[in-house]
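K.L.:
Okay, predicted coordinates and the sequence, questions at the end:
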Amino acid sequence: MDAHRLVDPIRIRVKSFSSPFSSFRWVDNNYRNYPENYAIRRLFSLGRSHLAQTLLIEDIQPSGMIREENEEIKDYVADHSMEGLVRLSFWRTAFKRPNASDCRDENCIGYAILKHDKAPSRNYDEWHVFEAVFRKFDHPHNCVADPMRVRLKLGGFPIAVDGVIYAQQNQLNKACAQVALRSVISKILKRDIPYTEINRFARQALAGTFNPAIGLKAKQIQAVLDGFGIRFKDFDYSQHPYYERRKNPYRKYIYAGVESGNCALLGFSLKGPAVTYDSCHIIPLYGHTFNKDTWAPDAEISYFRVGEKLRYVSSINWTSSFLGHDDNFGPNFCIPRLYISPKQVLYVAELLKPGVVYSGAQAEAMSLRFLYTAIQRQQSSNVWWQRLAFYTEPEEQRIVLRAIAINRDTYIEHLSTESDWEGNHENPELIKVLSSWLPKHLWVVEVSVPQLFPANERKLGEIILNGELMISDGRGERSHFCMARLPSLFYFNLGKKKFLTIPSKLRSHLPVIRL
């Protein structure tokens, strides 16, 4: 799948990115479709933002996925021809020709492959971004867990760039849904996905003529995800009464997907309240920002949720924006969490970690009920236990929960290597037992309190759920509970409504798990 990235260039040009070089003039003269080619201009804007000094331009022949795409387009548009293909890369260092000292991983900001397609019968003659990968900004509060490592050759040298594949529709064999699916599936599977495979699965889900240029409906998106073996939790708002939007907020689906290192898909209407898929757009989301100083978590409980019986603060409240692509405008955007009105949203999908079969929102809900029950029934002289108990009292209820899906080995490594604030480590013999007793795929719901979580990014414990058990298979919620670790104490589920409590050597707070 990397042939189009590894193909040797026909011609190489090097341009200094410093003044008087003009990105606007370069795009106007070389890739102009109409006065503002937003997506291509965004690539050059990212180069500027990362302080690029050199632009490398390589003309290449179609190979691998690009050759396959040309063949597929011919099946739908007989008079299609590819008029141009160029590989651009942006570099932190200044050089006049590619060389081993400058063309290294750490100096490459990102790359893009631009493709010029022509189809007179469709009145189509445009450049588009076949793919691009740019590193995220170095700001520590831009969180992208488990990015894909893309390997390619630039200037004849092997290069690796960490990021999430961006792609743009061409209205010939791919629309916004296909390019969004390519972004999220390639990140999860850590391999690139050809459009021929995406369209094959989408075609199988549709009775009648299939036209990939008009996009995909929810059933086709589901079929593509199923075809690649990716589990998901989605909600098609167009098929439910309007009041279901409040019960199934799209933001929770997105956050649970991106916080666990996976992705999410968001489809929304472009005109008025979302009732049909006409004029619908879909985008991929793969990360989020983290704002330590946001006002929302405190205000949410104190001002806007007074009177609710069981409350908590989800870690989503410290997220100002989701990170994602928009094929109309380009890669690596911050999309404000509260910007898109629920009235506009048509579809959302939380993509799950391999082996996990239910959503993060469900994991938080199950953990909350256990936590409040455990705190009410247990007393402890541990000061952090008492602080935790304070935030579960009816007039407070400010417990912070953060749900992440991880495998057993990741959790065991975390428990083995981290120490609490006083330097205590967990009992290694107990950890050894856990490494063979816990299921392979887990929901870990981290438990913290206000100020400790945002300021220190630390927690007081976690509740461990079996991520492999379906919720709708007749089992009660208790069967999903494996164990909980809270200050100085472990809870273990023995089955038949029996629990075992044993001491923990971790008496205060630990860092949260970073993916």
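P.N.:
In hand now; what should we look at?
K.L.:
What does the pLDDT read for the residue with the largest distance to the centre of the chain?
P.N.:
Distance from the C-alpha centroid of the chain peaks at residue 381, with 40.8 Å (Cα atoms, centre = their mean). Looking at residue 381, its pLDDT is 88.
K.L.:
shift numbering so it begins at 742
P.N.:
Let's use 742 as the start, then, which means that last one is residue 1122.
K.L.:
in this structure, which segments are predicted with low confidence?
P.N.:
774-777, 1012-1019, 1040-1051, 1213-1219, 1237-1238 (pLDDT under 70).
K.L.:
still on that earlier bit, state the distance from the residue farthest from the centre of the chain to residue 1112.
P.N.:
According to Cβ to Cβ, to the nearest Å, residue 1122 stands 20 Å off from residue 1112. Every residue, glycine included, has its C-beta placed from N, CA and C.
K.L.:
and the closest residue in space to residue 743 that isn't next to it in sequence, bridged to which residues?
P.N.:
Leaving aside its sequence neighbours, residue 743 sits nearest to residue 892 (Cβ to Cβ, 6 or more residues apart in numbering; 6.3 Å). Beta-bridge pairing for residue 892 (DSSP bridges): residue 901.
K.L.:
Does residue 892 touch residue 903 like I think?
P.N.:
No - Residue 892 is beyond contact range of residue 903, at 10.6 Å (criterion: Cβ atoms under 8 Å).
K.L.:
Leaving out sequence neighbours, find the closest residue to residue 894.
P.N.:
residue 747 (5.1 Å).
K.L.:
next one: residue 796
P.N.:
Nearest to residue 796 is residue 756, by Cβ to Cβ, 6+ apart, at 4.4 Å.
K.L.:
mind checking the SS state of that neighbour?
P.N.:
Following DSSP: H, G, I helix; E, B strand; the rest coil, the label given to residue 756 is strand.
K.L.:
wait, what's in contact with it?
P.N.:
762, 767, 795-798 (Cβ atoms under 8 Å, 6 or more residues apart in numbering).
K.L.:
Return the residues in contact with residue 883.
P.N.:
Taking Cβ under 8 Å, 6+ apart, one finds 877, 1028, 1030, 1064, 1075 in contact with residue 883.
K.L.:
Dump the residues you listed to JSON lines, plus neighbour count and distance to residue 1242.
P.N.:
What follows is those, written out as JSON lines (neighbours: other Cβ atoms under 10 Å; distance: Cβ to Cβ, whole Å):
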{"residue": "877", "neighbour count": "18", "distance to residue 1242": "43"}
{"residue": "1028", "neighbour count": "24", "distance to residue 1242": "38"}
{"residue": "1030", "neighbour count": "19", "distance to residue 1242": "38"}
{"residue": "1064", "neighbour count": "23", "distance to residue 1242": "41"}
{"residue": "1075", "neighbour count": "16", "distance to residue 1242": "44"}
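K.L.:
returning to what we had before: could you report the distance from the residue nearest to residue 796 to residue 799?
P.N.:
Residue 756 is 12 Å from residue 799, by Cβ to Cβ.
K.L.:
For the stretch 1142-1256 of the chain, just list every one of the strands.
P.N.:
Secondary structure of the stretch 1142-1256 of the chain by DSSP state E, counting those that start in this stretch: the strands cover 1182-1189, 1199-1200, 1202-1207, 1222-1227, 1230-1236, 1239-1244, 1251-1252.
K.L.:
Could you list every helix and strand in contact with the second one?
P.N.:
Translated: strand 1199-1200. strand 1182-1189, helix 1193-1197, strand 1251-1252 (3 or more Cβ pairs under 8 Å, 6 or more residues apart in numbering; DSSP states H and E).
K.L.:
Out of those, which is the most enclosed?
P.N.:
strand 1182-1189 (a mean of 24; mean count of other Cβ atoms under 10 Å).
K.L.:
Spit out the contact partners of the closest residue to residue 819 other than its chain neighbours.
P.N.:
Excluding the flanking residues, the one nearest residue 819 by Cβ to Cβ, 6+ apart is residue 862, at 7.4 Å. By Cβ under 8 Å, 6+ apart, residue 862 lies in contact with 818-820.
K.L.:
Buried only: go through those residues for me.
P.N.:
residue 818 (16 or more other Cβ atoms under 10 Å).
K.L.:
for the contacts of residue 862, which one is nearest residue 947?
P.N.:
Using Cβ to Cβ, residue 818 is the member of these that sits closest to residue 947, with 18.9 Å.
K.L.:
and the nearest residue to the closest one once chain neighbours are set aside, what are its phi and psi?
P.N.:
Spatial nearest neighbour of residue 818, chain neighbours left out: residue 860 (4.7 Å); criterion: Cβ to Cβ, 6+ apart. In terms of degrees, to the nearest 10, the main-chain angles of residue 860 are phi -150, psi 90.
K.L.:
can you give me the strands for the stretch 842-991 of the chain?
P.N.:
849-860, 865-875, 883-884, 889-895, 898-904, 973-977.
K.L.:
mind putting those strands in a markdown table, distance to residue 1246 included?
P.N.:
Shown next, in a markdown table, are the strands of the stretch 842-991 of the chain (distance: least, Cβ to Cβ, whole Å):
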| stretch | distance to residue 1246 |
| --- | --- |
| strand 849-860 | 45 |
| strand 865-875 | 44 |
| strand 883-884 | 30 |
| strand 889-895 | 37 |
| strand 898-904 | 36 |
| strand 973-977 | 36 |
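K.L.:
Outline the domain layout of this structure.
P.N.:
742-904, 915-1093, 1101-1252 (automatic domain parsing).
K.L.:
to the chain's geometric centre, what's the distance from the longest one?
P.N.:
Meaning domain 915-1093. With Cα atoms, centre = their mean, to the nearest Å as the basis, domain 915-1093 stands 10 Å off its chain's centre.
K.L.:
Can you list the buried residues in the longest helix seen in the chain?
P.N.:
Scanning the chain for the helix with the most residues, using DSSP state H, yields helix 1101-1118. By 16+ other Cβ under 10 Å, the buried positions in helix 1101-1118 come out as 1101-1109, 1111-1113, 1115-1116.
K.L.:
Check which helices and strands it is in contact with.
P.N.:
helix 991-1000, strand 1141-1148, strand 1182-1189, strand 1202-1207, strand 1222-1227.
K.L.:
neighbouring contacts of it?
P.N.:
In contact with helix 1101-1118 (Cβ under 8 Å, 6+ apart) are residues 974, 993-994, 996-998, 1000-1001, 1051, 1053, 1055, 1091, 1129-1130, 1133, 1140, 1142, 1144-1146, 1184, 1186, 1188, 1204, 1206, 1208, 1212, 1218, 1221-1222, 1225, 1227, 1232.
K.L.:
for the stretch 742-891 of the chain, what spans make up the helices?
P.N.:
744-747, 764-771, 779-790, 806-817 (DSSP state H, counting those that start in this stretch).
K.L.:
Can you dump the C-alpha atoms of the shortest one in PDB for me?
P.N.:
What follows is the C-alpha trace of helix 744-747 in PDB, where atoms were taken according to Å, rounded to 0.1, in the frame of the first residue of the first chain:
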ATOM      1  CA  ALA A 744       4.100   2.100  -3.500                       C
ATOM      2  CA  HIS A 745       2.800   5.600  -4.300                       C
ATOM      3  CA  ARG A 746       4.900   7.000  -1.400                       C
ATOM      4  CA  LEU A 747       8.000   5.100  -2.300                       C
END
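K.L.:
surely residue 1252 meets residue 1159?
P.N.:
Yes - using Cβ under 8 Å, residue 1252 is in contact with residue 1159, at 5.9 Å.
K.L.:
Give the burial count for the nearest residue to residue 1256 once chain neighbours are set aside, as a bare number.
P.N.:
Nearest residue to residue 1256, sequence neighbours excluded (Cβ to Cβ, 6+ apart): residue 886, at 3.7 Å. By the criterion of other Cβ atoms under 10 Å, residue 886 has 16 neighbours.
K.L.:
measure residue 886 to residue 1147 for me?
P.N.:
For residue 886 relative to residue 1147 (Cβ to Cβ), the value is 10 Å.
K.L.:
Sweet, I'm off.
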